[in-house]
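Enquirer: missing the sequence, but the structure's below:
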Ligand SMILES: NC(=O)C1=CN([C@@H]2O[C@H](COP(=O)(O)OP(=O)(O)OC[C@H]3O[C@@H](n4cnc5c(N)ncnc54)[C@H](OP(=O)(O)O)[C@@H]3O)[C@@H](O)[C@H]2O)[C@@H](O)CC1
Ligand SMILES: Nc1ncnc2c1ncn2[C@@H]1O[C@H](COP(=O)(O)OP(=O)(O)OP(=O)(O)O)[C@@H](O)[C@H]1O
Ligand SMILES: [Mg+2]
(Lines give C-alpha, C1' and ligand atoms only; values in the text may rest on other atoms or scores of the structure.)
(Ligands and ions follow the chains in the order given, each with its own letter.)
Protein backbone atom coordinates (compact mmCIF):
# COMPACT_ATOMS: atom_id res chain seq x y z
CA UNK A 1 0.00 0.00 0.00
CA UNK A 2 3.04 2.31 0.15
CA UNK A 3 2.29 3.37 3.67
CA UNK A 4 4.68 3.77 6.50
CA UNK A 5 4.09 4.79 10.08
CA UNK A 6 5.81 7.60 11.90
CA UNK A 7 5.91 7.75 15.67
CA UNK A 8 5.42 11.31 16.70
CA UNK A 9 3.86 11.10 20.10
CA UNK A 10 5.16 12.40 23.35
CA UNK A 11 3.83 13.47 26.66
CA UNK A 12 3.79 16.04 29.39
CA UNK A 13 6.24 16.51 32.24
CA UNK A 14 9.16 16.27 29.86
CA UNK A 15 9.20 12.52 29.32
CA UNK A 16 7.87 10.44 26.48
CA UNK A 17 5.34 8.01 27.84
CA UNK A 18 2.47 8.00 25.41
CA UNK A 19 2.22 8.73 21.79
CA UNK A 20 0.25 8.63 18.62
CA UNK A 21 1.40 7.15 15.37
CA UNK A 22 -0.22 8.45 12.24
CA UNK A 23 0.12 7.05 8.79
CA UNK A 24 2.31 9.03 6.46
CA UNK A 25 3.01 8.48 2.82
CA UNK A 26 6.33 7.84 1.23
CA UNK A 27 7.75 10.20 -1.31
CA UNK A 28 5.92 12.59 -3.57
CA UNK A 29 3.27 10.14 -4.76
CA UNK A 30 1.43 11.33 -1.69
CA UNK A 31 -1.40 13.15 -3.46
CA UNK A 32 -2.23 10.13 -5.59
CA UNK A 33 -2.00 7.88 -2.59
CA UNK A 34 -4.34 10.13 -0.61
CA UNK A 35 -6.90 10.00 -3.43
CA UNK A 36 -6.58 6.22 -3.67
CA UNK A 37 -6.92 5.92 0.08
CA UNK A 38 -10.01 8.12 0.09
CA UNK A 39 -11.77 6.03 -2.56
CA UNK A 40 -10.80 2.78 -0.91
CA UNK A 41 -11.88 4.08 2.49
CA UNK A 42 -15.26 5.21 1.30
CA UNK A 43 -15.86 1.98 -0.58
CA UNK A 44 -14.60 -0.46 2.04
CA UNK A 45 -14.64 1.14 5.41
CA UNK A 46 -17.71 3.24 5.38
CA UNK A 47 -17.22 5.88 8.11
CA UNK A 48 -18.79 9.25 7.40
CA UNK A 49 -17.05 11.02 4.53
CA UNK A 50 -15.98 13.94 6.70
CA UNK A 51 -14.19 11.52 9.03
CA UNK A 52 -12.32 9.90 6.14
CA UNK A 53 -11.26 13.29 4.81
CA UNK A 54 -10.29 14.49 8.24
CA UNK A 55 -8.13 11.39 8.69
CA UNK A 56 -6.53 11.64 5.27
CA UNK A 57 -5.59 15.27 5.71
CA UNK A 58 -4.20 14.83 9.17
CA UNK A 59 -1.58 12.39 7.91
CA UNK A 60 1.29 14.82 7.81
CA UNK A 61 0.33 16.84 10.84
CA UNK A 62 2.67 16.82 13.81
CA UNK A 63 1.14 15.18 16.86
CA UNK A 64 2.57 15.43 20.30
CA UNK A 65 1.65 16.35 23.84
CA UNK A 66 -1.56 17.82 22.58
CA UNK A 67 -2.51 14.55 20.86
CA UNK A 68 -2.00 12.65 24.03
CA UNK A 69 -4.08 15.10 26.00
CA UNK A 70 -6.71 14.78 23.28
CA UNK A 71 -6.72 11.02 23.68
CA UNK A 72 -7.27 11.31 27.43
CA UNK A 73 -10.11 13.73 26.70
CA UNK A 74 -11.64 11.38 24.13
CA UNK A 75 -11.65 8.58 26.69
CA UNK A 76 -13.26 10.91 29.25
CA UNK A 77 -15.88 11.78 26.64
CA UNK A 78 -17.01 8.17 26.30
CA UNK A 79 -17.29 7.46 30.03
CA UNK A 80 -20.98 7.55 30.97
CA UNK A 81 -22.05 9.99 33.68
CA UNK A 82 -22.98 8.52 37.05
CA UNK A 83 -26.51 9.73 37.69
CA UNK A 84 -29.41 8.68 39.89
CA UNK A 85 -31.61 8.34 36.81
CA UNK A 86 -30.19 5.06 35.53
CA UNK A 87 -31.15 1.51 36.40
CA UNK A 88 -28.97 -1.53 36.93
CA UNK A 89 -27.49 -2.76 33.67
CA UNK A 90 -27.46 0.48 31.74
CA UNK A 91 -23.73 1.07 32.20
CA UNK A 92 -22.87 -2.37 30.87
CA UNK A 93 -23.84 -6.02 30.84
CA UNK A 94 -20.71 -7.84 29.76
CA UNK A 95 -20.31 -11.52 28.87
CA UNK A 96 -17.09 -13.47 29.29
CA UNK A 97 -16.68 -16.72 27.37
CA UNK A 98 -13.96 -18.77 29.04
CA UNK A 99 -13.10 -20.87 32.04
CA UNK A 100 -12.32 -24.59 31.90
CA UNK A 101 -10.78 -27.25 34.11
CA UNK A 102 -7.26 -25.78 33.92
CA UNK A 103 -7.99 -22.09 33.88
CA UNK A 104 -10.43 -20.49 36.27
CA UNK A 105 -8.42 -17.38 37.18
CA UNK A 106 -8.45 -15.79 33.72
CA UNK A 107 -12.26 -15.46 33.29
CA UNK A 108 -12.53 -14.28 36.90
CA UNK A 109 -9.91 -11.57 36.28
CA UNK A 110 -11.67 -10.44 33.10
CA UNK A 111 -15.12 -10.45 34.67
CA UNK A 112 -14.22 -8.68 37.90
CA UNK A 113 -12.18 -6.09 35.97
CA UNK A 114 -15.22 -5.27 33.83
CA UNK A 115 -17.22 -4.67 37.01
CA UNK A 116 -14.51 -2.61 38.67
CA UNK A 117 -14.21 -0.38 35.61
CA UNK A 118 -17.94 0.30 35.81
CA UNK A 119 -20.05 -2.41 34.19
CA UNK A 120 -23.19 -3.23 36.17
CA UNK A 121 -23.41 -6.97 35.48
CA UNK A 122 -20.96 -9.60 34.28
CA UNK A 123 -21.92 -13.05 33.02
CA UNK A 124 -19.27 -15.76 32.74
CA UNK A 125 -20.02 -18.67 30.36
CA UNK A 126 -17.69 -21.52 31.28
CA UNK A 127 -17.55 -25.30 31.55
CA UNK A 128 -19.52 -27.22 34.16
CA UNK A 129 -16.45 -28.04 36.26
CA UNK A 130 -15.08 -24.51 36.24
CA UNK A 131 -18.30 -22.81 37.34
CA UNK A 132 -18.32 -23.54 41.10
CA UNK A 133 -14.67 -22.58 41.29
CA UNK A 134 -15.22 -19.23 39.54
CA UNK A 135 -18.32 -18.54 41.67
CA UNK A 136 -16.31 -19.19 44.79
CA UNK A 137 -13.84 -16.42 43.90
CA UNK A 138 -16.54 -13.79 43.85
CA UNK A 139 -20.25 -13.41 44.50
CA UNK A 140 -20.30 -10.52 42.03
CA UNK A 141 -20.08 -12.72 38.94
CA UNK A 142 -23.06 -14.47 37.38
CA UNK A 143 -21.72 -17.82 36.25
CA UNK A 144 -23.30 -20.14 33.67
CA UNK A 145 -21.89 -23.71 33.50
CA UNK A 146 -22.87 -24.23 29.87
CA UNK A 147 -19.87 -24.07 27.58
CA UNK A 148 -19.20 -27.81 27.36
CA UNK A 149 -22.84 -28.80 26.97
CA UNK A 150 -24.32 -29.89 23.65
CA UNK A 151 -26.78 -26.98 23.79
CA UNK A 152 -24.16 -24.34 24.68
CA UNK A 153 -25.28 -22.07 21.87
CA UNK A 154 -28.95 -22.08 22.94
CA UNK A 155 -27.92 -21.43 26.56
CA UNK A 156 -25.75 -18.46 25.63
CA UNK A 157 -28.35 -17.18 23.17
CA UNK A 158 -30.81 -16.82 26.05
CA UNK A 159 -28.58 -14.07 27.39
CA UNK A 160 -27.06 -12.60 24.24
CA UNK A 161 -29.86 -10.11 23.52
CA UNK A 162 -29.16 -8.46 26.88
CA UNK A 163 -25.38 -8.29 26.54
CA UNK A 164 -23.57 -5.12 25.46
CA UNK A 165 -20.23 -6.80 24.71
CA UNK A 166 -18.70 -10.27 24.71
CA UNK A 167 -15.12 -11.06 25.74
CA UNK A 168 -14.09 -14.38 24.26
CA UNK A 169 -11.09 -16.45 25.28
CA UNK A 170 -9.69 -15.85 28.77
CA UNK A 171 -9.09 -19.32 30.23
CA UNK A 172 -11.06 -21.00 27.45
CA UNK A 173 -8.54 -23.75 26.70
CA UNK A 174 -8.21 -25.44 23.31
CA UNK A 175 -10.55 -28.41 23.47
CA UNK A 176 -12.10 -28.96 20.03
CA UNK A 177 -15.63 -29.47 21.29
CA UNK A 178 -15.47 -26.24 23.31
CA UNK A 179 -13.98 -24.32 20.40
CA UNK A 180 -16.72 -25.57 18.11
CA UNK A 181 -19.33 -24.25 20.55
CA UNK A 182 -17.50 -20.94 20.72
CA UNK A 183 -17.44 -20.74 16.94
CA UNK A 184 -21.25 -20.94 16.92
CA UNK A 185 -21.49 -18.40 19.73
CA UNK A 186 -19.30 -16.01 17.74
CA UNK A 187 -21.56 -16.32 14.69
CA UNK A 188 -24.65 -15.66 16.81
CA UNK A 189 -22.99 -12.66 18.46
CA UNK A 190 -22.02 -11.17 15.11
CA UNK A 191 -25.57 -11.65 13.85
CA UNK A 192 -26.71 -9.45 16.74
CA UNK A 193 -24.06 -6.82 16.01
CA UNK A 194 -22.62 -7.06 19.54
CA UNK A 195 -19.01 -5.90 20.09
CA UNK A 196 -16.61 -8.82 20.57
CA UNK A 197 -13.22 -8.69 22.27
CA UNK A 198 -11.10 -11.73 21.47
CA UNK A 199 -8.15 -12.71 23.63
CA UNK A 200 -6.04 -15.73 24.62
CA UNK A 201 -7.49 -19.06 23.36
CA UNK A 202 -10.14 -17.13 21.45
CA UNK A 203 -7.21 -15.88 19.35
CA UNK A 204 -6.06 -19.46 18.92
CA UNK A 205 -9.45 -20.20 17.37
CA UNK A 206 -9.22 -17.15 15.09
CA UNK A 207 -5.75 -18.25 13.95
CA UNK A 208 -7.34 -21.55 12.83
CA UNK A 209 -10.32 -19.83 11.20
CA UNK A 210 -9.68 -16.14 10.43
CA UNK A 211 -12.87 -15.96 8.35
CA UNK A 212 -14.81 -16.18 11.60
CA UNK A 213 -13.97 -12.58 12.42
CA UNK A 214 -12.74 -11.13 9.11
CA UNK A 215 -14.24 -7.70 8.46
CA UNK A 216 -16.47 -7.65 11.56
CA UNK A 217 -16.12 -3.99 12.46
CA UNK A 218 -17.12 -4.46 16.09
CA UNK A 219 -14.31 -6.92 16.81
CA UNK A 220 -11.16 -6.16 18.79
CA UNK A 221 -8.31 -8.67 19.00
CA UNK A 222 -5.84 -8.33 21.89
CA UNK A 223 -2.82 -10.54 21.07
CA UNK A 224 0.38 -10.74 23.09
CA UNK A 225 3.56 -11.29 21.09
CA UNK A 226 3.11 -15.03 20.59
CA UNK A 227 -0.58 -14.67 19.72
CA UNK A 228 0.26 -11.88 17.28
CA UNK A 229 2.74 -14.12 15.41
CA UNK A 230 0.17 -16.91 15.22
CA UNK A 231 -2.41 -14.57 13.69
CA UNK A 232 0.18 -13.16 11.32
CA UNK A 233 1.09 -16.62 10.04
CA UNK A 234 -2.59 -17.38 9.53
CA UNK A 235 -3.33 -14.40 7.28
CA UNK A 236 -0.04 -13.04 5.92
CA UNK A 237 2.98 -14.52 4.27
CA UNK A 238 6.55 -14.07 5.47
CA UNK A 239 7.79 -13.31 8.96
CA UNK A 240 6.59 -10.42 11.15
CA UNK A 241 8.77 -7.35 10.55
CA UNK A 242 10.33 -6.99 13.99
CA UNK A 243 11.86 -3.64 12.99
CA UNK A 244 8.49 -2.11 12.17
CA UNK A 245 6.01 -3.01 14.90
CA UNK A 246 3.56 -0.26 13.94
CA UNK A 247 3.60 -1.29 10.28
CA UNK A 248 3.04 -4.90 11.31
CA UNK A 249 0.00 -4.20 13.45
CA UNK A 250 -1.43 -1.99 10.71
CA UNK A 251 -0.92 -4.78 8.16
CA UNK A 252 -2.45 -7.44 10.36
CA UNK A 253 -5.54 -5.30 10.92
CA UNK A 254 -5.85 -4.72 7.17
CA UNK A 255 -5.44 -8.42 6.42
CA UNK A 256 -8.27 -9.15 8.85
CA UNK A 257 -10.58 -6.67 7.14
CA UNK A 258 -9.75 -3.58 9.21
CA UNK A 259 -10.83 -4.97 12.54
CA UNK A 260 -9.18 -3.41 15.59
CA UNK A 261 -5.98 -5.10 16.74
CA UNK A 262 -4.22 -4.35 20.04
CA UNK A 263 -0.70 -5.70 20.12
CA UNK A 264 0.34 -5.87 23.77
CA UNK A 265 3.94 -5.45 24.81
CA UNK A 266 6.46 -2.95 26.08
CA UNK A 267 4.40 -0.41 24.15
CA UNK A 268 0.86 -1.34 23.18
CA UNK A 269 0.07 -0.71 19.51
CA UNK A 270 -3.54 -0.29 18.47
CA UNK A 271 -4.70 -0.20 14.87
CA UNK A 272 -7.81 -0.37 12.73
CA UNK A 273 -5.75 -0.58 9.55
CA UNK A 274 -6.03 3.18 9.01
CA UNK A 275 -4.12 4.57 11.93
CA UNK A 276 -2.01 3.29 14.77
CA UNK A 277 -2.17 4.55 18.33
CA UNK A 278 0.62 3.85 20.78
CA UNK A 279 0.10 3.43 24.50
CA UNK A 280 3.26 3.77 26.54
CA UNK A 281 1.71 4.65 29.88
CA UNK A 282 4.23 3.82 32.56
CA UNK A 283 3.60 0.34 33.99
CA UNK A 284 6.29 -1.69 35.70
CA UNK A 285 8.69 -4.49 34.95
CA UNK A 286 6.49 -7.01 36.79
CA UNK A 287 4.95 -9.45 34.29
CA UNK A 288 2.72 -11.70 36.40
CA UNK A 289 0.07 -13.71 34.52
CA UNK A 290 -3.44 -12.31 34.21
CA UNK A 291 -2.68 -8.72 33.20
CA UNK A 292 -4.00 -9.44 29.72
CA UNK A 293 -7.25 -10.68 31.29
CA UNK A 294 -7.59 -7.41 33.20
CA UNK A 295 -7.14 -5.61 29.89
CA UNK A 296 -9.70 -7.68 27.96
CA UNK A 297 -12.36 -7.34 30.67
CA UNK A 298 -11.82 -3.57 30.93
CA UNK A 299 -11.97 -3.31 27.17
CA UNK A 300 -15.32 -5.10 27.10
CA UNK A 301 -16.91 -2.25 29.05
CA UNK A 302 -15.02 0.54 27.37
CA UNK A 303 -15.85 -0.78 23.89
CA UNK A 304 -19.53 -0.69 24.80
CA UNK A 305 -19.26 2.83 26.19
CA UNK A 306 -17.33 4.05 23.16
CA UNK A 307 -19.80 2.65 20.63
CA UNK A 308 -22.70 4.07 22.61
CA UNK A 309 -21.03 7.47 22.68
CA UNK A 310 -20.29 7.32 18.95
CA UNK A 311 -18.01 9.31 16.71
CA UNK A 312 -19.34 12.70 17.81
CA UNK A 313 -17.79 12.07 21.23
CA UNK A 314 -14.56 10.71 19.79
CA UNK A 315 -14.04 13.62 17.47
CA UNK A 316 -14.56 11.47 14.37
CA UNK A 317 -12.05 8.81 15.45
CA UNK A 318 -12.91 5.12 15.51
CA UNK A 319 -14.54 4.66 18.95
CA UNK A 320 -12.96 1.23 19.33
CA UNK A 321 -9.47 2.72 19.01
CA UNK A 322 -10.29 5.17 21.78
CA UNK A 323 -11.70 2.36 23.96
CA UNK A 324 -8.62 0.21 23.39
CA UNK A 325 -6.23 3.04 24.17
CA UNK A 326 -8.20 3.77 27.34
CA UNK A 327 -8.15 0.14 28.50
CA UNK A 328 -4.41 -0.23 27.81
CA UNK A 329 -3.63 2.99 29.64
CA UNK A 330 -5.73 1.88 32.61
CA UNK A 331 -4.16 -1.60 32.78
CA UNK A 332 -0.65 -0.19 32.74
CA UNK A 333 -1.49 2.41 35.38
CA UNK A 334 -2.91 -0.37 37.62
CA UNK A 335 0.34 -2.24 37.13
CA UNK A 336 2.32 0.86 38.04
CA UNK A 337 0.30 1.64 41.16
CA UNK A 338 0.32 -1.96 42.41
CA UNK A 339 4.06 -2.19 41.83
CA UNK A 340 4.63 0.93 43.95
CA UNK A 341 3.03 -0.92 46.85
CA UNK A 342 4.06 -4.52 46.39
CA UNK A 343 7.12 -4.54 44.15
CA UNK A 344 8.15 -8.02 43.08
CA UNK A 345 5.23 -9.65 44.87
CA UNK A 346 2.67 -7.75 42.74
CA UNK A 347 -0.01 -10.03 41.30
CA UNK A 348 -3.02 -9.36 39.10
CA UNK A 349 -5.30 -9.33 42.16
CA UNK A 350 -3.27 -6.38 43.47
CA UNK A 351 -3.67 -4.64 40.11
CA UNK A 352 -7.43 -5.13 40.14
CA UNK A 353 -7.56 -3.46 43.56
CA UNK A 354 -6.06 -0.38 41.89
CA UNK A 355 -8.66 -0.07 39.12
CA UNK A 356 -10.79 2.49 40.97
CA UNK A 357 -8.00 4.90 41.87
CA UNK A 358 -6.23 4.45 38.54
CA UNK A 359 -9.43 5.17 36.64
CA UNK A 360 -10.12 8.33 38.69
CA UNK A 361 -6.58 9.55 38.25
CA UNK A 362 -6.61 9.06 34.48
CA UNK A 363 -10.17 9.69 33.37
CA UNK A 364 -12.16 11.49 36.05
CA UNK A 365 -14.07 14.40 34.53
N1 LIG B 1 -4.62 -17.52 36.29
C2 LIG B 1 -5.11 -17.99 35.11
O3 LIG B 1 -6.06 -18.76 35.07
C4 LIG B 1 -4.48 -17.52 33.87
C5 LIG B 1 -4.76 -18.21 32.70
N6 LIG B 1 -4.33 -17.79 31.49
C7 LIG B 1 -4.83 -18.55 30.36
O8 LIG B 1 -3.88 -19.49 29.94
C9 LIG B 1 -4.26 -19.92 28.64
C10 LIG B 1 -3.05 -19.96 27.74
O11 LIG B 1 -2.56 -18.61 27.59
P12 LIG B 1 -1.02 -18.32 27.33
O13 LIG B 1 -0.85 -16.86 27.18
O14 LIG B 1 -0.21 -18.97 28.39
O15 LIG B 1 -0.86 -19.14 25.99
P16 LIG B 1 0.14 -19.08 24.77
O17 LIG B 1 -0.20 -17.92 23.91
O18 LIG B 1 0.12 -20.41 24.14
O19 LIG B 1 1.54 -18.81 25.42
C20 LIG B 1 2.23 -19.90 25.85
C21 LIG B 1 3.72 -19.58 25.90
O22 LIG B 1 4.08 -18.55 25.01
C23 LIG B 1 5.19 -17.82 25.53
N24 LIG B 1 4.81 -16.40 25.70
C25 LIG B 1 3.62 -15.92 26.15
N26 LIG B 1 3.59 -14.59 26.11
C27 LIG B 1 4.80 -14.21 25.60
C28 LIG B 1 5.36 -12.94 25.30
N29 LIG B 1 4.69 -11.78 25.51
N30 LIG B 1 6.59 -12.91 24.79
C31 LIG B 1 7.28 -14.07 24.55
N32 LIG B 1 6.78 -15.30 24.82
C33 LIG B 1 5.56 -15.36 25.34
C34 LIG B 1 5.53 -18.48 26.82
O35 LIG B 1 6.46 -19.49 26.52
P36 LIG B 1 7.74 -19.86 27.45
O37 LIG B 1 8.49 -18.57 27.64
O38 LIG B 1 7.13 -20.33 28.73
O39 LIG B 1 8.47 -20.87 26.69
C40 LIG B 1 4.19 -19.05 27.21
O41 LIG B 1 4.29 -20.06 28.18
C42 LIG B 1 -5.32 -18.92 28.15
O43 LIG B 1 -6.59 -19.49 28.30
C44 LIG B 1 -5.15 -17.79 29.11
O45 LIG B 1 -6.31 -16.99 29.24
C46 LIG B 1 -3.60 -16.57 31.33
O47 LIG B 1 -4.57 -15.58 31.02
C48 LIG B 1 -2.82 -16.20 32.58
C49 LIG B 1 -3.62 -16.30 33.86
N1 LIG C 1 7.28 -5.26 28.55
C2 LIG C 1 6.19 -4.63 29.01
N3 LIG C 1 6.30 -3.46 29.66
C4 LIG C 1 5.23 -2.82 30.15
N5 LIG C 1 3.97 -3.29 30.04
C6 LIG C 1 3.80 -4.46 29.42
C7 LIG C 1 4.88 -5.20 28.86
N8 LIG C 1 4.41 -6.32 28.31
C9 LIG C 1 3.07 -6.29 28.49
N10 LIG C 1 2.71 -5.18 29.17
C11 LIG C 1 1.34 -4.79 29.55
O12 LIG C 1 0.70 -5.85 30.25
C13 LIG C 1 -0.64 -5.98 29.81
C14 LIG C 1 -0.87 -7.42 29.42
O15 LIG C 1 -0.01 -7.76 28.36
P16 LIG C 1 0.64 -9.20 28.25
O17 LIG C 1 1.53 -9.21 27.07
O18 LIG C 1 1.22 -9.59 29.59
O19 LIG C 1 -0.67 -10.05 27.98
P20 LIG C 1 -0.89 -11.61 28.14
O21 LIG C 1 0.37 -12.35 27.83
O22 LIG C 1 -2.07 -11.93 27.32
O23 LIG C 1 -1.28 -11.73 29.68
P24 LIG C 1 -2.03 -12.93 30.42
O25 LIG C 1 -1.06 -13.43 31.43
O26 LIG C 1 -3.23 -12.32 31.05
O27 LIG C 1 -2.40 -13.94 29.39
C28 LIG C 1 -0.86 -5.01 28.66
O29 LIG C 1 -1.63 -3.91 29.12
C30 LIG C 1 0.54 -4.52 28.31
O31 LIG C 1 0.54 -3.15 28.09
MG1 LIG D 1 -3.33 -13.63 27.59
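Expert: Looks like it came in fine. All of these numbers come straight from a predicted model, not from anything done at the bench. Ligands and ions are numbered 1, 2, ... in the order given.
Enquirer: now do the nearest residue to residue 329 once chain neighbours are set aside against residue 268, distance only.
Expert: The shortest distance from residue 329 to any residue other than its chain neighbours is 4.5 Å, reached at residue 281 (C-beta to C-beta, 6 or more residues apart in numbering). In this view, the C-beta of every residue, glycine as well, is placed from N, C-alpha and C. Here residue 281 is placed at a distance of 8 Å from residue 268 (C-beta to C-beta, to the nearest Å).
Enquirer: between those two, which contacts overlap?
Expert: 328, 332 (C-beta atoms under 8 Å, 6 or more residues apart in numbering).
Enquirer: more crowded one of the two?
Expert: residue 268 (25 against 22; other C-beta atoms under 10 Å).
Enquirer: residues contacting that one?
Expert: With the criterion set at C-beta under 8 Å, 6+ apart, residue 268 makes contact with 262, 278-280, 328, 332.
Enquirer: ok, of those residues, which one's closest to residue 286?
Expert: Sorting the contacts of residue 268 by distance to residue 286 puts residue 332 at the head of the list, at 11.4 Å, by C-beta to C-beta.
Enquirer: elements contacting the helix or strand hosting the closest one?
Expert: In this structure, residue 332 is located in helix 319-342 according to DSSP states H and E. Counting contacts by 3 or more C-beta pairs under 8 Å, 6 or more residues apart in numbering; DSSP states H and E, helix 319-342 is packed against helix 65-78, strand 219-221, strand 260-263, strand 268-271, strand 276-279, helix 291-309, helix 348-352, helix 355-363.
Enquirer: do the shortest one and ligand 2 meet?
Expert: Right, strand 219-221. No - using C-beta under 6 Å from any ligand atom, strand 219-221 never reaches ligand 2; the gap is at least 11.4 Å.
Enquirer: and the helix or strand residue 247 falls within, how far from the chain's centre?
Expert: Using DSSP H and E, residue 247 falls within helix 245-255. Centroid separation for helix 245-255 versus its chain: 15 Å, with C-alpha atoms, centre = their mean, to the nearest Å.
Enquirer: give me the local confidence score for the closest residue to ligand 2 within the chain.
Expert: Ligand 2 sits closest to residue 292 of the chain, with a gap of 2.4 Å, by C-beta to the nearest ligand atom. The score at residue 292 is 98. That number is its pLDDT.
Enquirer: what is the helix holding residue 247 packed up against?
Expert: Packing partners of helix 245-255 (3+ C-beta pairs under 8 Å, 6+ apart): strand 3-7, helix 225-235, strand 260-263, strand 268-271, strand 276-279.
Enquirer: so, in contact with ligand 1 or not, that helix?
Expert: No - judged by C-beta under 6 Å from any ligand atom, helix 245-255 makes no contact with ligand 1; its nearest approach is 12.9 Å.
Enquirer: what angle do that helix and helix 225-235 make?
Expert: 50 degrees (axes from the mean of the first three to the mean of the last three C-alpha atoms, to 10 degrees).
Enquirer: tell me, how many residues neighbour residue 320?
Expert: Residues near residue 320, counting by other C-beta under 10 Å, number 25.
Enquirer: what sits opposite the closest residue to it other than its chain neighbours in the beta ladder?
Expert: Among residues not flanking residue 320 along the chain, residue 260 sits closest, at 4.5 Å (C-beta to C-beta, 6+ apart). In this entry, residue 260 is beta-bridged to residue 220, by DSSP bridges.
Enquirer: now do the contacts for residue 260.
Expert: Residues in contact with residue 260 (C-beta under 8 Å, 6+ apart) are 219-221, 253, 270-272, 318, 320-321, 324.
Enquirer: with residue 287 instead?
Expert: Contacts of residue 287 by C-beta under 8 Å, 6+ apart: none found.
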